[in-house]
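> here is the input, now give the coordinates:
(one chain, ligands or ions: 1)
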Amino acid sequence: MSEYETILTSTQGRVGWITLNRPEALNALNTQVMRDVVDAAEAFDADQGIGAIVVTGSERAFAAGADIKEMEALTGTQMLLEGHFAPWSRFAGVRTPVIAAVAGYALGGGCELAMMCDVILAADTAKFGQPEINLGVIPGMGGTQRLTRAIGSYKAAELILTGRQIGAEEADRIGLVSRVVAAAELLDEAQRTAETIASKSLPSLYAATAALDVARESTLAEGLRFEQHAFAALFDTDDQKEGMAAFREKRAAAFRHR
Ligand code: CO8
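Have a look, this model is predicted:
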């Protein structure tokens, strides 16, 4: 089905798969990769037959960062005028739950891409880091902000200022990933997790990802207000009536919107 240059896409049941496919550059994120990933994610997001998306790379690299060779000659003026960063915010704004299935390197923009996802499943081979400081720059796809919110200010500062890489076990301990699995199990486990998510009612999944985004982006008071309104709005869905009736009747819910 793939009409993309730098990624492969497929569906397995209600799960949409996006596989980064630039092995010669360890899946470095150039402009074309960004366009392809954002377009594919938005296409899956618009499809009510899809209830979860998995983004993955290869055994060797989820993504080794933004493409340094493409970026090297750019000027700041060009970046600002051409809006180099902008499309990634569309990826982060996808309503459908997105799972990053990470094996090998997730460095720089690769780590930042994983952090734009809702769930991060890491193979025991995964290596995370923000090495931009070694290139004379800083993270530019959300690293200084999302990493700080994910693992706290002092842990993030040490990683961003030293460029140190960490393995899956440390990433798990400090809260950068949802779960670590054996490398050989990563894709199957991602599919299983995605299927579990995709079996739920879409309106409640969309409300949950929106509320989780607000939690990452705002104050507690704003987040609680958003949650209350989103919670109330779900009581106007037929799937809420079905979910609660199924509980009372001791049977599995047959959600309409899934
Ligand atoms: N960009 C371009 N090419 C890359 C990248 C990259 N980020 N990473 C690896 N490659 C290429 C290599 O150049 C090499 O190609 P070639 O064979 O043609 O020389 C090929 O992939 C294989 O890589 P290595 O030979 O280096 O493989 P090793 O196993 O020796 O090393 C590493 C693997 C440690 C991952 C090493 O490749 C490395 O350090 N890569 C760079 C990591 C890095 O610094 N990433 C941060 C990039 S900056 C960034 O992400 C900023 C994000 C914000 C951008 C905002 C958008 C505009």
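> which positions in the stretch 1-150 of the chain make contact with the ligand?
Contact residues, the stretch 1-150 of the chain versus the ligand (Cβ under 6 Å from any ligand atom): 25-26, 28, 64-69, 84-85, 105, 107-109, 131-132, 135, 139-141. Where C-beta positions appear, they are placed from N, C-alpha and C, glycine not excepted.
> isn't residue 167 right up against residue 127?
Yes - if you go by Cβ atoms under 8 Å, residue 167 and residue 127 touch, sitting 6.0 Å apart.
> between the two, which has more neighbouring residues?
Legend: neighbour count by other Cβ atoms under 10 Å for residue 167 and residue 127, higher for residue 127 (23 against 15).
> show me the contacts for that one.
Counting by Cβ atoms under 8 Å, 6 or more residues apart in numbering, residue 127 touches 104-107, 165-168.
> of these, which is the nearest to residue 15?
Nearest to residue 15 among the contacts of residue 127: residue 106, at 20.7 Å, using Cβ to Cβ.
> assumed the closest one was part of a strand.
Yes - under DSSP: H, G, I helix; E, B strand; the rest coil, residue 106 sits within a strand.
> any idea what it is bridged to?
According to DSSP bridges, the partner residues bridging residue 106 are residue 63, residue 128.
> contacts only, for it.
61-63, 100, 113-114, 126-129.
> give me the neighbour count for residue 89.
Residue 89: 12 neighbours (other Cβ under 10 Å).
> just confirm it is within a helix.
Yes - counting by three-state DSSP, residue 89 is located in a helix.
> and the helices in this protein?
31-45, 68-71, 76-82, 86-92, 109-115, 148-151, 153-162, 168-173, 186-198, 202-217, 220-234, 238-248 (DSSP state H).
> tell me which of those is the most buried.
Most buried of those, by mean neighbour count (mean count of other Cβ atoms under 10 Å): helix 109-115, with a mean of 29.
> against which helices or strands is that one packed?
strand 61-63, strand 98-102, strand 127-129 (3 or more Cβ pairs under 8 Å, 6 or more residues apart in numbering; DSSP states H and E).
> so which of the ones you listed comes closest to residue 241?
strand 98-102 (28.1 Å).
> shaky segments in the chain?
Scanning the chain with the threshold set as pLDDT under 70 gives 1-2.
> for stretch 123-138, output the C-alpha coordinates as CSV.
The C-alpha trace of stretch 123-138 is given here as CSV (Å, rounded to 0.1, in the frame of the first residue of the first chain):
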residue,chain,number,x,y,z
ALA,A,123,13.4,-3.1,23.1
ASP,A,124,16.2,-4.0,25.6
THR,A,125,18.5,-2.9,22.8
ALA,A,126,17.1,0.7,22.7
LYS,A,127,19.5,3.6,23.3
PHE,A,128,18.2,7.0,24.0
GLY,A,129,20.0,10.4,24.0
GLN,A,130,20.0,14.0,23.0
PRO,A,131,23.5,14.4,21.5
GLU,A,132,22.9,17.8,19.8
ILE,A,133,25.2,19.5,22.2
ASN,A,134,28.1,17.6,20.5
LEU,A,135,27.1,19.3,17.2
GLY,A,136,27.1,22.8,18.7
VAL,A,137,23.3,23.0,18.8
ILE,A,138,20.5,22.0,21.2
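> in it, what's buried?
For stretch 123-138, the neighbour count (16 or more other Cβ atoms under 10 Å) marks 123-132 as buried.
> any idea how far that stretch is from the chain center?
17 Å (Cα atoms, centre = their mean, to the nearest Å).
> same check, this time on stretch 160-174
A distance of 18 Å separates the centroid of the chain from that of stretch 160-174, by Cα atoms, centre = their mean.
> so how far is the first residue of it from its last?
This stretch, stretch 160-174, spans 15 Å end to end (Cα to Cα, to the nearest Å).
> say whether the ligand is contacted by that stretch.
No - using Cβ under 6 Å from any ligand atom, stretch 160-174 never reaches the ligand; the gap is at least 7.8 Å.
> what's in contact with stretch 60-70?
Contacts for stretch 60-70 (Cβ under 8 Å, 6+ apart): 20, 23, 25-31, 33, 56-57, 100-110, 113-114, 126, 131-132, 135, 140-141.
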